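**Student:** Predicted model, plus sequence, below.
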Amino acid sequence: MADHSEEACKRVDVSITRVFELLGKRWTGPIISVLMERAVYFAELRRAIPGISERMLSDRLTELGTAGLVVREVDEGPPLRVAYRLTEAGAAMEPALKELSLWAESYLRESAEEGC
C-alpha cells in the first residue's frame, strides 16, 4: 500500500512553480517562440501570433521584460518603431523549449484547430 503520509509527499519544486507561473500564461510561449528566431517589431510580432490583441501582447512583453527575458528597443525612425529581442537569459531557454516541442509532437494530440 502506498504511503500517503505528509512526510512522504514531496512538494513541488519552487523553481518549477516560478517557471510555469510565467511561461504557463496564454500567449507567452508563442511570443518567445517568435523571438527565438530574431528581434521583431511589435507589429510583426502581433501578425505572427493570430488571435492575440495589442493589449495582451503589450502586457506579456512587459512581464517578460520584467522577468529579464526580453528587451525593448526603440528605433526613433521615422517612423518610430519598437522592436523586441530575447536577452541572454531568454535565449538560454531554447534547448528546453526545443525538448518540450519534441515531447509535444510525440505525446500531445493535435486539435482540429491546429495546422497550417
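**Tutor:** Great, that's in hand.
**Student:** ok, Met36 - how many residues close by?
**Tutor:** 14 (other Cβ atoms under 10 Å). All C-beta atoms are positioned from the backbone trio N, CA, C, and that covers glycine.
**Student:** Please report the distance of it from Thr66.
**Tutor:** 19 Å (Cβ to Cβ, to the nearest Å).
**Student:** just Val12 next, same as before
**Tutor:** 23 Å.
**Student:** ditto for Tyr84
**Tutor:** Tyr84 is 13 Å from Thr66, by Cβ to Cβ.
**Student:** For these two, work out which one has more neighbours and name it.
**Tutor:** Comparing Tyr84 with Thr66 by other Cβ under 10 Å, the one with more neighbours is Tyr84, at 22 against 10.
**Student:** Quick check: what element follows the one helix or strand in the chain whose mean pLDDT sits lowest along the chain?
**Tutor:** Lowest mean confidence among the helices and strands of the chain (mean pLDDT, DSSP states H and E): helix 14-23, at a mean of 88. Using DSSP states H and E, the next helix or strand after helix 14-23 towards the C-terminus is helix 28-37.
**Student:** quick one: average pLDDT of that next one?
**Tutor:** Mean per-residue pLDDT for helix 28-37: 95.
**Student:** buried residues in it?
**Tutor:** 28, 30-32, 34-35 (16 or more other Cβ atoms under 10 Å).
**Student:** tell me the angle of the least confident helix or strand of the chain relative to helix 28-37?
**Tutor:** With axes from the mean of the first three to the mean of the last three Cα atoms, to 10 degrees as the basis, helix 14-23 and helix 28-37 are set at 90 degrees to each other.
**Student:** Could I get the contacting residues of the nearest residue to Ala89 once chain neighbours are set aside?
**Tutor:** Of all residues not flanking Ala89 in the chain, Gly68 sits nearest, at 5.3 Å (Cβ to Cβ, 6 or more residues apart in numbering). By Cβ atoms under 8 Å, 6 or more residues apart in numbering, the residues touching Gly68 are 87, 89-90.
**Student:** Nothing else from me, thank you.
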